[in-house]
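> could you look at this predicted model? Sequence included:
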Amino acid sequence: MDTSSYKPGLEGVIAGISAVSMVDAEKNELLYRGYDIHDLVEHCTMDEVAYLLLYGELPDEATLEAFNQRIRMDREVPPALYDLFRALPNTAHPMDRLKAAVALLATFLPEDETNLRKAERLYAKLPTLVCASWRISQGQEPVVPDPNLDHSASFFHLLTGTPRTDYLAHVFNVTQILYAEHGFNASTFAARVTVSTLSDLYSGVVSAIGTLKGPLHGGANEAAMEMLQEIGSPENAQEWVRDALVQKKKIMGFGHREYKHGDERAKIVKGYAKELAERTGNALWWEISEIVEAEMLAAKKLHPNLDFPVASVYYLMELPIPVYTPIFVLSRITGWSAHIIEQLENNRIIRPGHLYNGLEKRSLAPR
Ligand code: ACO
């Protein structure tokens, strides 16, 4: 068998052409529709970035106003969704509850709308689903969405009953922007594969949610926080990492298929992790993280990816660990949708080949 053309994990394989984002691992640059993420987190809200990813340009004032109007009036979900959350086991992982919810929600939404409109609907309704799912699993009533709030303020309102527009809401906004889009990552690729069969946008998103859940992808933010908790103290950190590496364990929140010299998104969020440690007076996770990071660089030349600093930032925001990955979905929905739309604009079914290593042809005796 000639395996010379086989690339495990499709590493280095060019699987498409896209104008949504540019990942330049050599220059450590990430651009959304041509804009540098550093500029976007400094000057934009998640709602503006959502518009940018979906429509290709940043909105002017009137366009943003109209977009916000459409999103904010569309946050409610059919009551059957709340019934679903009550019927599902409280112990089911929030990503599994979300996957079921999006599949059910899709059956209530008009089929004949444009994909852009469908994407807007999901961007509007996903926070309601994620927060209601969590609250119901905790024995609480869902919160009715408030149309006066932007994406970040509304998220805190839907989760806790109280909106936030303070420093924490700003940090949340930054993480949402950084989670919104990242080229041909596994979940985006899954979405593109699904719609390349001419299946619908909602089915593409359900595939993407299932793919994001894994700890090698979006699930790493939860796994990273659980790891920090298991390490427990700065004194324990170095030895813990060394032991884990001897046991060939993956250290969650480290490494990346594209970035080999560090992830710019992680560097941005790391600044907030430090500031939050100072502001809250709780430097425990910061101190452990610094030791883990130094040890990983020394032992494996591996840098943290976005999920590593996000984990302790969300923890200091007092967000429940099991909703970290669903939170990722709340903004990545815009990147997924942009890719789904792009795929369908110039579609060919995605269907790679494979090498066969099974049994040679054999005869079947009459039975
Ligand atoms: N901990 C320990 N070793 C690691 C790690 C890690 N986190 N990441 C990579 N390595 C090692 C591998 O064991 C391998 O070593 P070897 O050559 O001695 O066998 C080498 O680095 C190359 O790693 P691969 O797994 O081949 O890298 P790949 O590109 O296939 O995987 C991935 C990338 C999945 C991100 C990997 O680095 C990983 O599992 N990281 C931990 C999970 C994680 O943080 N995922 C989040 C990704 S970012 C995101 O989704 C937002």
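Cool, the structure landed.
> could you use CA atoms for every contact and neighbour count after this?
Noted.
> can you name the residues that contact the residue nearest the centre of the chain?
For the chain, the residue nearest the mean C-alpha position is residue 328 (3.2 Å; Cα atoms, centre = their mean). Residues in contact with residue 328 (Cα atoms under 8 Å, 6 or more residues apart in numbering) are 176, 179, 180, 218.
> helix, strand or coil for it?
helix (DSSP: H, G, I helix; E, B strand; the rest coil).
> likewise for residue 22?
When classified by three-state DSSP, residue 22 comes out as strand.
> and for it, the neighbour number?
Neighbour count for residue 22, taken as other Cα atoms under 10 Å: 19.
> my read is that residue 13 contacts residue 184, right?
No: counting by Cα atoms under 8 Å, residue 13 sits too far from residue 184 to count as a contact (10.6 Å).
> who has more neighbours, these two?
Higher neighbour count among residue 13 and residue 184: residue 184, with 22 against 10, using other Cα under 10 Å.
> which parts of this structure sit against the ligand?
By the rule Cα under 6 Å from any ligand atom, the part of the chain lying against the ligand is 215-218, 220, 250-257, 305-307.
> looking at these, which is nearest residue 46?
residue 306 (16.9 Å; Cα to Cα).
> so which residue of the stretch 1-150 of the chain comes closest to the ligand?
Closest to the ligand within the stretch 1-150 of the chain is residue 9: 6.6 Å, counting by Cα to the nearest ligand atom.
> from residue 103, how far off is that residue?
Using Cα to Cα, to the nearest Å, residue 9 is found at 28 Å from residue 103.
> tell me which of those two has more neighbours.
A direct count of neighbours by other Cα under 10 Å for residue 9 and residue 103 places residue 103 higher, at 15 against 9.
> residues contacting the more buried one?
Neighbouring residues of residue 103 by Cα under 8 Å, 6+ apart: 202, 203, 206.
> closest one to the ligand out of the residues you listed, please.
residue 206 (16.9 Å).
> show me the contacts of residue 328 that map onto helices.
Of the positions in the contacts of residue 328, 176, 179 sit in helices, assigned by DSSP state H.
> output the contacts of residue 328 as JSON lines; include the columns pLDDT and neighbour count.
Shown next, in JSON lines, are the contacts of residue 328 (pLDDT from 0 to 100; neighbours: other Cα atoms under 10 Å):
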{"residue": "176", "pLDDT": "98", "neighbour count": "25"}
{"residue": "179", "pLDDT": "98", "neighbour count": "23"}
{"residue": "180", "pLDDT": "98", "neighbour count": "21"}
{"residue": "218", "pLDDT": "97", "neighbour count": "25"}
